[in-house]
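J.: 3D model of this:
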Amino acid sequence: MIKTYISEQLVLAVKDRLRNVRYQIRRSALREASRSNRVGPIGPLVARPVALAADAVCSEVEAVAAAFMPEHERPSSAFAFPQPISAYFSAEAMDARSFTPEIYYALTGLLRRFGVDAFFVSEQAIDEALTRLIDGRAAEFAALRASDDSAARRTAQIQLCAALAVEIAGARPIREIAPTCAGSFAPRHLCLSPNHYCALVIGLSIALASRGEASTNENLDLILDSADLAVDARFGKFSAVLKKGREPAPALACEFEAILDFLP
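T.: The predicted structure is shown next:
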């Protein structure tokens, strides 16, 4: 088990290095395109092939690195976000550590949804954040696995979603985003604090998906839109809670609980 965990950490470190290289190449290509646009349309024609080549090469090497992971730890090719909190932290998911790629792709998917052109997100930082969450929330995980749909189980769901947001925000996995940040449809608070914003959307989205313990692909966009709008509207208050004290999770859980019943 220790050997397996160490090997996984090495793979995540290699993947992060490759993703950083890919980000730097894409950022340089976008910067060159921006400069070239001042004198003519050649820039985008040059920058796009460079960025695509960087994606292709780094993706291939990532795949080779992932091949060294034990079979049961390789991530699935399909990631549907958000799912109920129990889907990420079931006994099986925790044993296989499949929650790390799930949250990684949820985070990178959000950035793309918000129109961010280029970014570097550390999967290793996410893994470390989720490990801290698991190590520090034994009581909540026990309540989450209770067989009856009790009030204690619902409270545990909200507390874990809030704690997840706190740990992701604290780990700051979004290391860099392109200076252009995002398109015109991006939330107004995203560029100011991308780690806080995305962590809050992830936590609240999972809390919304957990209400009925079932998410279908048809309503995932609705859940994401609802969480995004709520976080954007209350970002000042949510962000202040994240920065308050050594243990902000209970206060954030209260904030989540206060609005969950009013969201679609």
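
J.: contacts for stretch 219-229, please.
T.: 80-82, 110, 113, 187, 201, 204-205, 208-209, 215, 263-264 (CB atoms under 8 Å, 6 or more residues apart in numbering). Every residue, glycine included, has its C-beta placed from N, CA and C.

J.: residue contacts, A171?
T.: 125-126, 128-129, 195.

J.: which among the residues you listed gets closest to V166?
T.: V166 lies nearest to A129 out of these, by CB to CB, at 9.0 Å.

J.: give me the element that closest one is part of.
T.: helix 123-136 (DSSP states H and E).

J.: do R246 as well
T.: Judged by DSSP H and E, R246 forms part of no helix or strand.

J.: I158 touches D261, doesn't it?
T.: No - counting by CB atoms under 8 Å, I158 stays clear of D261, with 11.3 Å between them.

J.: of those two, who's got more company?
T.: I158 (24 against 7; other CB atoms under 10 Å).

J.: measure the more buried one to Y105 for me?
T.: The gap separating I158 from Y105 is 23 Å, by CB to CB, to the nearest Å.

J.: got the domain boundaries for the protein?
T.: 1-74, 76-260 (automatic domain parsing).

J.: and the last one, how far out from the chain's middle?
T.: Put simply, domain 76-260 sits 7 Å off its chain's centre (CA atoms, centre = their mean, to the nearest Å).

J.: re the thing from before, which ones among the contacts of stretch 219-229 lie within helices?
T.: 110, 113, 201, 204-205, 208-209 (DSSP state H).

J.: reformat the residues you listed as JSON lines; add neighbour count, distance to A93 and pLDDT.
T.: Formatted as JSON lines, those follow (neighbours: other CB atoms under 10 Å; distance: CB to CB, whole Å; pLDDT from 0 to 100):
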{"residue": "L110", "neighbour count": "25", "distance to A93": "20", "pLDDT": "94"}
{"residue": "R113", "neighbour count": "17", "distance to A93": "24", "pLDDT": "91"}
{"residue": "V201", "neighbour count": "28", "distance to A93": "21", "pLDDT": "97"}
{"residue": "L204", "neighbour count": "30", "distance to A93": "20", "pLDDT": "97"}
{"residue": "S205", "neighbour count": "27", "distance to A93": "17", "pLDDT": "96"}
{"residue": "L208", "neighbour count": "25", "distance to A93": "19", "pLDDT": "95"}
{"residue": "A209", "neighbour count": "26", "distance to A93": "15", "pLDDT": "93"}
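
J.: which of the contacts of A171 lies closest to R246?
T.: Nearest member of the contacts of A171 to R246, counting by CB to CB, is A129, at 16.0 Å.

J.: that closest one touches G170, doesn't it?
T.: Yes - using CB under 8 Å, A129 is in contact with G170, at 6.9 Å.

J.: neighbour count winner among these two?
T.: A129 (23 against 16).

J.: quick check: pLDDT value at G43.
T.: With respect to pLDDT, G43 has a value of 44.

J.: JSON lines for the contacts of A171, including pLDDT and distance to K15?
T.: What follows is the contacts of A171, written out as JSON lines (pLDDT from 0 to 100; distance: CB to CB, whole Å):
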{"residue": "A125", "pLDDT": "95", "distance to K15": "12"}
{"residue": "I126", "pLDDT": "96", "distance to K15": "11"}
{"residue": "E128", "pLDDT": "93", "distance to K15": "14"}
{"residue": "A129", "pLDDT": "94", "distance to K15": "16"}
{"residue": "N195", "pLDDT": "96", "distance to K15": "19"}
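
J.: do you have the strands of the stretch 151-264 of the chain handy? List them.
T.: For the stretch 151-264 of the chain, applying DSSP state E, counting those that start in this stretch gives strands covering 174-177.

J.: any regions of it where pLDDT drops low?
T.: Regions of the stretch 151-264 of the chain meeting the criterion pLDDT under 70 cover residues 179-185, 213-218.

J.: Provide a list of residues in contact with the residue minimising distance to the centre of the chain.
T.: Central residue check for the chain by CA atoms, centre = their mean: the C-alpha nearest the mean position is that of L107, 2.5 Å away. By CB under 8 Å, 6+ apart, L107 lies in contact with 121, 126, 168, 173-174, 198, 202.
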